[in-house]
Structures are given as structure tokens and as C-alpha cells.
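Peer 1: This is a predicted model, with the sequence first.
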Amino acid sequence: MGTGIVSRSVFLAQDVDIGITGYFHFDVGGHTLWITTTHVSLLIVMILLTVFALFANRAIKKANPEDVPSPFLNVIELLVELIDGLTKSNMGKRGVRFSNYIGTLFAVVLVCNISGLFGLRPPTADYGVTLPLALITFVLIHYNGFKYEKAGHVTKLFQPVLLTPINIIGEVATPLSMSLRLFGNILSGTVMMGLIYGLVPKLIQAFIWPALGVLHVYFDVFSGAIQAYVFCMLTMVFIAQNFPEDEVQG
Amino acid sequence: MMNGISSEAFVLGCSAIGAGIAMIAGVGPGIGQGIAAGHGAAAVGRNPGAKGNIMSTMLLGQAVAETTGLYGFAVAIILLFANPLVKLL
């Protein structure tokens, strides 16, 4: 879908910018690789998160248990406890191991989703970003399935023999629906904001900025935060359904 | 072929109509999310102490219910911006 958006924006007026723009391209073994807005936005998000992580790491290392914690350290502790509590309540005591991954996933998806506020095109509005994220979840689901249920993870598919095709389709549909949900929500926000900016003349935009701000809060912050939460929640639920029955309740 | 309409324009026009029809898929999630929100409000009315849990469960359920609408949205976007039918001409 990426190249389709790059090459053809049929119905749009010139100043409506919602597609992925290719900046430059180079050829590798007969394939044309485009460096697009998605790469640039993702790189900026990565740099932002890395800088935050470096500052957080330094603050934690320098922390003195005797002192009153600084506001920044308080925020970090709040975030870590939030993610730890979320994984523990959804996945039981086996789930605490996953809090690193869930926290990283949440941070990346959240900052990507709300990057529309900073004038970037959200990287998660590109199917090439959300599908790998969902495939990581897919691999984790089945790695843990084989780890805890051994061969039962395969025979579970044939449990009512008549429902075998539906079970297999259900397993394949999990990453597809997860990635399409995130992609569709963020793309719909991007399209709506792009259409509104294209519809309203630049001069009038300067006067109705409160209305535009409210729309940004709804389409970028509200919908983005909910989708980041839902993506992490579904990842946790799908991984935890393979854990042994008595330990999920933890 | 009709007079004065190129075949590409005809396909693009029909694709735009198809994209509009695909967005009818938004009706279902709208109804479903409304029902979920209504039951969520009723649950908060019965048990105001559990507001946080009810909110997160409701939002999760609504986001999952939204998926079918987003499939329609994906079809509409593909028809508008990455139209596979024009390449067949």
C-alpha cells in the first residue's frame, strides 16, 4: 500500500497532504527503496525515546534512597509501577517478565500515535509499521504456547474436528486484526486532520486555532492513547491465554 | 464506452462511489459502541466505586468492536488512494 500512496493521490487537491511522501530513493538489487515520511518520523520518535531513556537511566543511577525523590524520578517510578501493575493484573505472576516488552511497546506506540501533534505524520499510520508490531505479538503468542502447552498447542486447533478451519483462520486473523485496528484508527485521524487543514484556508486557520486544537486532542491524543492501551492490552491477553490455568489468576 | 468519458475516469468515479458505500460499515460499530457506552453508564450507576475498571473494560471492548468499521475504512482508503482497479485498464 505504501508505494500506491507514494505514486498516486488521485482525488486530492494539491494542498491536502495525508499520504506518505517519498523523499528520495535508491536501488538495491533491482528493488527501489524509498525513504519516506514514515522513516523520518520513526527516527525522530526513536531519538526522543532514547534521550528520555538516557536521562531516566542517569536519574535512577544517581538516586539516593535516603533523599526525597525528585519530580522527574517520581514520574519514572510512576510509569514503571503502572506497567508492572498492568502486566501483573492481566498476566499473573508469569507476566511480570513481559513488563519490559509491554512497556517498550506502549512507549513506542503512544509516542508514534501522538506525534501528529508535533507536525509529523504518525509512523503508525503506515501498515508497514503496525504489521511487524503485530507479528512480534504473533511470535510471542505461539512461542509461549509451545513453551507451556507443548504439543497440546497444536492439537488444540483440532479440538472440535469440524471447527478446524475456523480455529486456524482465527489464529491467522489475530495479527491481521491487531495491526489493521491500530493502522486504521491512526490513519483515520490523520485523514480527518489532513482534510480539515486542506478545507480551511490558511488565513482562517489562524483564527479558529482553538477548534483545531480540540480536534487534535480528540484525533491524536485521545484516540492514540486508547489505541496504544488496547494494543498492549490485547498483546497481554493473547499471550496470557496460553499460560497454565491456575497461574493466570495469580 | 459512453461519450466523452474516458474509461479511467469511469473506473475512478465508480471507485469513489464504492468508497462511499464501503463506509456504511461505520453504522455497525457506532451502534455497538453506543450500546457498550450505555451499559457502561448503567454499570457506573449501580457501582460507582468500580468506575476505573468499568471504564477500561468498556474502552477495550469498544476498540475491539471498532475493528469491522476499520475494515470498511481500509477498503475505502485503498479504493481512493491505492486503487487496484485502474492498473487493470
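Peer 2: Arrived safely, thanks for sending.

Peer 1: Could I get the full set of helices for chain A?
Peer 2: Secondary structure of chain A by DSSP state H: the helices cover A:2-7, A:37-62, A:71-91, A:99-113, A:127-149, A:152-155, A:164-199, A:202-205, A:209-216, A:223-240, A:245-248.

Peer 1: Kindly report the same for chain B.
Peer 2: B:7-22, B:27-46, B:51-65, B:67-81.

Peer 1: Low-confidence regions, chain A specifically.
Peer 2: For chain A, the stretches with pLDDT under 70 are A:1-16, A:246-250.

Peer 1: centroid residue for it?
Peer 2: residue A:109 (3.0 Å; C-alpha atoms, centre = their mean).

Peer 1: Correct me if wrong: that residue contacts residue A:229.
Peer 2: No: if you go by C-beta atoms under 8 Å, residue A:109 and residue A:229 don't touch, sitting 9.1 Å apart. All C-beta spots, glycine's among them, are computed from the backbone N, C-alpha and C.

Peer 1: if we can go back for a sec, dump the helices of chain B to JSON lines, plus mean neighbour count.
Peer 2: As requested, these are arranged in JSON lines below (neighbours: other C-beta atoms under 10 Å in any protein chain shown):
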{"stretch": "helix B:7-22", "mean neighbour count": "14"}
{"stretch": "helix B:27-46", "mean neighbour count": "14"}
{"stretch": "helix B:51-65", "mean neighbour count": "16"}
{"stretch": "helix B:67-81", "mean neighbour count": "20"}
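
Peer 1: okay if I get these as JSON lines plus distance to residue A:44?
Peer 2: Shown next, in JSON lines, are the helices of chain B (distance: least, C-beta to C-beta, whole Å):
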{"stretch": "helix B:7-22", "distance to residue A:44": "32"}
{"stretch": "helix B:27-46", "distance to residue A:44": "32"}
{"stretch": "helix B:51-65", "distance to residue A:44": "26"}
{"stretch": "helix B:67-81", "distance to residue A:44": "24"}
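
Peer 1: export the ones you listed to JSON lines and tack on distance to chain A and mean pLDDT?
Peer 2: Shown next, in JSON lines, are the helices of chain B (distance: least, C-beta to the nearest C-beta, whole Å; pLDDT from 0 to 100):
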{"stretch": "helix B:7-22", "distance to chain A": "6", "mean pLDDT": "91"}
{"stretch": "helix B:27-46", "distance to chain A": "11", "mean pLDDT": "94"}
{"stretch": "helix B:51-65", "distance to chain A": "4", "mean pLDDT": "88"}
{"stretch": "helix B:67-81", "distance to chain A": "3", "mean pLDDT": "89"}
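
Peer 1: So which of these is nearest residue A:35?
Peer 2: helix B:67-81 (19.9 Å; C-beta to C-beta).

Peer 1: now the closest one and helix A:127-149, what's the angle there?
Peer 2: 150 degrees (axes from the mean of the first three to the mean of the last three C-alpha atoms, to 10 degrees).

Peer 1: So which elements touch helix B:67-81?
Peer 2: Applying 3 or more C-beta pairs under 8 Å, 6 or more residues apart in numbering or on different chains; DSSP states H and E, we find helix B:67-81 packed against helix A:2-7, helix A:164-199, helix B:7-22, helix B:27-46.

Peer 1: how about a cut-off of 7 Å?
Peer 2: Packing partners of helix B:67-81 (3 or more C-beta pairs under 7 Å, 6 or more residues apart in numbering or on different chains; DSSP states H and E): helix A:164-199, helix B:7-22, helix B:27-46.

Peer 1: Next, the angle from it to helix A:164-199.
Peer 2: 60 degrees.

Peer 1: ok, how many other residues are close to residue A:151?
Peer 2: 8 (other C-beta atoms under 10 Å in any protein chain shown).
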